[in-house]
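Asker: what's the 3D shape of this:
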Amino acid sequence: MFTICGNKGFHIKFENGATLGVQFGPGNYCNQRKVGYNAPSVSFQWECENAEVAIFLPDGKPYRISEHDDVIGWQTAEDVAKWIEVARNL
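Answerer: Residues are numbered from 1 along each chain as shown. Prediction:
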């Protein structure tokens, strides 16, 4: 299942019940972090060189993705591909 989130990211829910969240906009740990809050909603296409990633377990609790937090920022497309595999294989 795919879900769009706030015009600045998406979730992918896998058959195992885990969900990967990828966000790249105002307030997220990415290059677009400090743009105006409404910027994504007034753009037809929104893009960024990197993104914030989080994984949620089937019970909705966050998966500890880094040593310090439940999210990890400034991830490249290659990094996101690796996190997809992590979530898919939980």
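
Asker: Only C-alpha atoms from now on, for both contacts and neighbour counts.
Answerer: Noted.

Asker: Can you pull out the low-pLDDT segments for the protein?
Answerer: For the chain, no stretch has pLDDT under 70.

Asker: most centrally placed residue in it?
Answerer: The centre of the chain sits closest to residue 22, judged by CA atoms, centre = their mean, with a distance of 1.4 Å.

Asker: didn't it look like it was pressed against residue 48?
Answerer: No: judged on CA atoms under 8 Å, residue 22 makes no contact with residue 48 at a distance of 11.4 Å.

Asker: which SS state does the residue nearest to the centre of the chain fall under?
Answerer: Three-state call for residue 22 (DSSP: H, G, I helix; E, B strand; the rest coil): strand.

Asker: Who is it paired with across the strands?
Answerer: residue 10, residue 53 (DSSP bridges).

Asker: got a list of what it touches?
Answerer: Counting by CA atoms under 8 Å, 6 or more residues apart in numbering, residue 22 touches 9, 10, 11, 51, 52, 53, 54, 80.

Asker: how about residue 51, phi and psi?
Answerer: Phi and psi for residue 51, reported as degrees, to the nearest 10, are phi -150, psi 170.

Asker: Grab the nearest non-local neighbour of it.
Answerer: For residue 51, ignoring the flanking residues on the chain, the nearest one in space by CA to CA, 6 or more residues apart in numbering is residue 24 at 4.7 Å.

Asker: Residue 57 now?
Answerer: Sequence neighbours aside, residue 18 is the residue nearest to residue 57 in space, at 4.7 Å (criterion: CA to CA, 6+ apart).

Asker: Could you measure from the one you found over to residue 52?
Answerer: 17 Å (CA to CA, to the nearest Å).

Asker: returning to what we had before: now the buried members of the contacts of residue 22.
Answerer: Buried by 16 or more other CA atoms under 10 Å: 9, 11, 51, 52, 53, 54, 80, out of those.

Asker: Looking at the residues you listed, which is nearest residue 87?
Answerer: Using CA to CA, residue 54 comes nearest to residue 87 of the buried ones among the contacts of residue 22, at 9.4 Å.
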